[in-house]
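> 3D model of this:
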Amino acid sequence: MSSTAEATTGKESPDSRNGRMQGMAHGAVLCLGAAGLLLTINQTFNLGLLGFQPLGNSFLYYLIGLFLAAAFLCFPARGDTGRSAAWYDWMLALAALTAAAYLGINGQRIIQEGWEYSAPTAATVASGVMLLLVLEGVRRCGGGLLLAVALFFGAYPLFAEHMPGLLWGTGFGFGDLIRSHVIGMESVIGIPMQVVANLVIGFVVFGTALTVTGGGRFFMELAIALMGRSRGGPAKVAVLSSAIMGSLSGSVISNILTTGTITIPTMKKSGYPAHYAAAIEACASTGGTLMPPVMGAVAFIMASFLGVAYADVMIAAFLPAVLFYLALLFQVDNYAARKGLKGLPASEIPKLGATLKDGWPYLFSLGMLIYMLLFMRLESYAPYYATVVLLVIASFRRRSRLNLKRGLQLLHELSSSVANLVAILAGISLVVGGLSYTGVAGAFARELLQYADGSVPLMLAAGAITSFVLGMGMTVSACYIFLSILLAPALVEAGLNPLASHLFILYWGMLSYITPPVSLAAITAAGIADAKPGKTGIFAMRLGSILFVLPFVFVINPALVLQGELGQILFAAATAMMAMWLAASALEGYLYRVGLLGWPLRTLTALASMALIYPEPFSDLAGVVLVALIYIGHWLRSNHCGGQRAAITPGKNA
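Prediction:
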């Protein structure tokens, strides 16, 4: 999880080799990251190192100060990452440390004396400084639009009492609002920051350790060994490797920049057009945001908002993610069959046994992590234990041993990733605070339910459009946090499953990665493939089109998020997998054992897919009947034509 921050932001942390991350700035970031990691471990395991065990709010202030300071040194005020840290970056970093230290030292007094409502002048000044630093941090790491959103909703209590109708809320004075945001427990140090401190940092450590010790190379070789030989093997390798790496990092862009530099050229070499190869990698990397066990910081935030264990979110997200990747695999297989594309030559495929023998430490540590999450429910401790086990095993092999160079790389990746994440989420927490303090969030949900007049499809459509539009300009985590406050309560109150409702918002918020005009994942992959970004975005949207359907399906049928009786879940999974296969066949115009499909058969196949995916017995029966008619008709036609196959030579008329 080398870039969990990126998973939620869609922005890359600066490369350790650029001019900004050299000399004193690089050393300072490493020191700040090491201090933040040590502080987090001390707090998580209740070690009391040197007698230091700050209260919850003090711990959060110290952590924000350390990583916000690191963010000012990592991320430039403007877009030039090649410049070294400027004098004002150092001043901002020092200001962050000073303000956080003051608030942290007075953490107990803040609670006991109610400083949120009445505080000394020094506390109000420190809160104001921290608030300005948080806004600058979100601007640097999230961009101007995210700053505008944080600023508007953060300042909303100043004018809420003058707003009409459902937008009316409790008003705050300027000083009261500053103290509420920084000293109160529902804004800067609210749920998002608590999740980062208590859960996410540990998973960043595990993912970074896995990558630094060679886990990325192993999982790529494992994907090649499993899928490389089959038709269209390079594309299947791209799907599988990106699914594995994305499940550990949760980062879309870094996934493309690591696995894509290998898979995209290989796909092009084997016959895939540049835009198609880039689209495959973009979709496969985007799906990593949804793939357990790690998924990304937003999944941990979701668990906290729902008040459930992270393991429950993992379980709920598992089947939809599998369905998405199955649909991708079916599509690339059908495309390869239609075009007559082959797999990789045997000389380029590693032996599966040798690959597993070489990479068993990564699988063992990953299995250990999953076991501790699902069965032992040690969410806070699991990633640290798994990291220690991985590093101990790796130390016995020179190739993966954590030497000084790898150790510094691990610390740098950890520092920049968490700094990015803290800067983003501290700013977005202002949205949470502004809407919570005014009471607008609850009123909005009630009014939405009333305006929809109980129509679930209408609310889902409105939610999908809103999530999609917000996802174009906001990060995935920001979009989710915003709508989980405003929209999710209305969906739940309408009778929909809470987990499915929150996943619905997350899915739609991340669609902008592969959908024009934003399509950040498609643009990144197109750059590697030397393809046209617009064309790549269109093909990525077509390949990932199942993502437009899946959220509606599992929010209506909770069995697909593994909620319900075992028999219902198994039946829903079987029919959904069959529906994915038929949808892929219709999209690519090729059906197994039938061959190339003309538009009449493609239409029937698409109808069969839609019938099977809708959770009604009659609909499922209609889907099965349509599939049976397609195959019976093909068999009769083949026999009537003297046994001649209906499939046309691959590559023609395609």
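
> Count residues in the vicinity of the closest residue to Val134 other than its chain neighbours, would you?
Leaving aside its chain neighbours, Val134 sits nearest to Ala426 (4.6 Å; criterion: CB to CB, 6 or more residues apart in numbering). The way it works is simple: take the backbone N, C-alpha and C, and place the C-beta from them, glycine included. Residues near Ala426, counting by other CB atoms under 10 Å, number 31.

> show me the residues around Ala426 that make contact.
64, 68, 134, 137-138, 188, 192-193 (CB atoms under 8 Å, 6 or more residues apart in numbering).

> Just say helix, strand or coil for it.
Assigned by DSSP: H, G, I helix; E, B strand; the rest coil, the conformation of Ala426 is helix.

> pLDDT score for it?
On the pLDDT scale, Ala426 is placed at 93.

> That one and Met193, how far apart?
6 Å (CB to CB, to the nearest Å).

> Same check on Leu47?
21 Å.

> Tell me which helix or strand Arg637 sits in.
helix 617-640 (DSSP states H and E).

> List the buried residues of that helix.
Buried residues in helix 617-640, counted by 16 or more other CB atoms under 10 Å: 620, 622-623, 626-627, 630, 634, 638.

> Make JSON lines from the residues you listed and add distance to Pro234 to it.
Shown next, in JSON lines, are the buried residues of helix 617-640 (distance: CB to CB, whole Å):
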{"residue": "Asp620", "distance to Pro234": "35"}
{"residue": "Ala622", "distance to Pro234": "37"}
{"residue": "Gly623", "distance to Pro234": "32"}
{"residue": "Leu626", "distance to Pro234": "33"}
{"residue": "Val627", "distance to Pro234": "30"}
{"residue": "Ile630", "distance to Pro234": "30"}
{"residue": "His634", "distance to Pro234": "30"}
{"residue": "Ser638", "distance to Pro234": "32"}
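
> Closest one to Ala337 out of the residues you listed, please.
His634 (15.3 Å; CB to CB).

> buried set for stretch 136-145?
Quick answer for stretch 136-145 (16+ other CB under 10 Å): 136-143.

> correction: stretch 36-43
Neighbour-count burial for stretch 36-43 flags 36-37, 39-40, 42-43 (criterion: 16+ other CB under 10 Å).

> Now, these that are in helices?
Among these, DSSP state H puts 36-37, 39-40, 42-43 in helices.

> Specify which member of those residues is nearest to Arg398.
Closest to Arg398, out of all of these and judged by CB to CB, is Leu37, at 25.5 Å.

> and Gln194, how many residues sit next to it?
Neighbour tally, Gln194, other CB under 10 Å: 19.

> Is it part of a helix or strand, or is it coil?
helix.

> now Ser519, nearest residue through space, not along the chain?
Gly537 (3.8 Å).

> And Gln563, how close does it get to Ala316?
7 Å.

> shared neighbours of the two, anything?
499-500.

> Looking at these two, which one has more neighbours?
More neighbours surround Ala316 than the other of Gln563 and Ala316, with 26 against 18 (other CB under 10 Å).

> could you say what helices and strands the one helix or strand the more buried one maps to packs with?
According to DSSP H and E, Ala316 maps onto helix 310-339. Secondary-structure packing of helix 310-339 (3 or more CB pairs under 8 Å, 6 or more residues apart in numbering; DSSP states H and E): helix 233-249, helix 274-287, helix 297-306, helix 352-374, helix 498-510, helix 546-556, helix 566-588, strand 590-591.

> Turn the ones in helices among the buried residues of stretch 36-43 into JSON lines, including distance to Ser118.
Below are these laid out as JSON lines (distance: CB to CB, whole Å):
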{"residue": "Gly36", "distance to Ser118": "31"}
{"residue": "Leu37", "distance to Ser118": "36"}
{"residue": "Leu39", "distance to Ser118": "30"}
{"residue": "Thr40", "distance to Ser118": "32"}
{"residue": "Asn42", "distance to Ser118": "32"}
{"residue": "Gln43", "distance to Ser118": "29"}
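
> on that earlier part again, the helix holding Ala316 to helix 297-306, inter-axis angle?
Orientation of helix 310-339 against helix 297-306 (axes from the mean of the first three to the mean of the last three CA atoms, to 10 degrees) gives an angle of 140 degrees.

> and for Ala426 and Met193, which residues touch both?
Ile64.

> got any ranges where the chain has weak pLDDT?
Low-confidence segments of the chain, defined by pLDDT under 70: 1-21, 79-83, 250, 454, 471-475, 640-654.

> okay, now the domains of it?
4-195, 214-350+439-561, 584-640 (automatic domain parsing).

> doesn't Ile514 make contact with Ile538?
No - Ile538 lies out of contact with Ile514 (CB atoms under 8 Å); the separation is 9.9 Å.

> So for the two, which sits in the more crowded spot?
Using other CB under 10 Å as the criterion, Ile538 and Ile514 rank with Ile514 on top: 30 against 18.

> Look up phi and psi at that one.
phi -120, psi 10 (degrees, to the nearest 10).

> what packs against the strand or helix carrying Ala148?
Ala148 is part of helix 144-154, with elements assigned from DSSP H and E. Helices and strands touching helix 144-154, by 3+ CB pairs under 8 Å, 6+ apart, are helix 121-142, helix 404-438, helix 476-486.

> Identify each buried residue in that helix, please.
Per 16+ other CB under 10 Å, helix 144-154 contains these buried residues: 146-147, 149-151, 153-154.

> now stretch 217-229, how far from the chain's geometric center?
Distance of stretch 217-229 from the chain centroid (CA atoms, centre = their mean, to the nearest Å) equals 23 Å.

> Please apply the same query to stretch 105-115.
Going by CA atoms, centre = their mean, where stretch 105-115 is centred and where its chain is centred differ by 36 Å.

> Over to it now: how far is its first residue from its last?
14 Å (CA to CA, to the nearest Å).

> ok, now stretch 222-241?
8 Å.

> swap in stretch 328-348?
So stretch 328-348: terminal residues 23 Å apart, CA to CA.

> Tell me which residues of that stretch come out buried.
For stretch 328-348, using 16+ other CB under 10 Å, the buried residues are 328-339, 341, 343-344.

> residues in contact with Ser230?
So Ser230 contacts 236, 333, 343 (CB under 8 Å, 6+ apart).

> for those, which one is nearest Met295?
Lys236 (22.4 Å).

> Now do the SS call for the nearest residue to Gln568 once chain neighbours are set aside.
In this structure, Gln568 finds its nearest non-sequential neighbour in Ala559, 4.5 Å apart by CB to CB, 6+ apart. Following three-state DSSP, the label given to Ala559 is helix.
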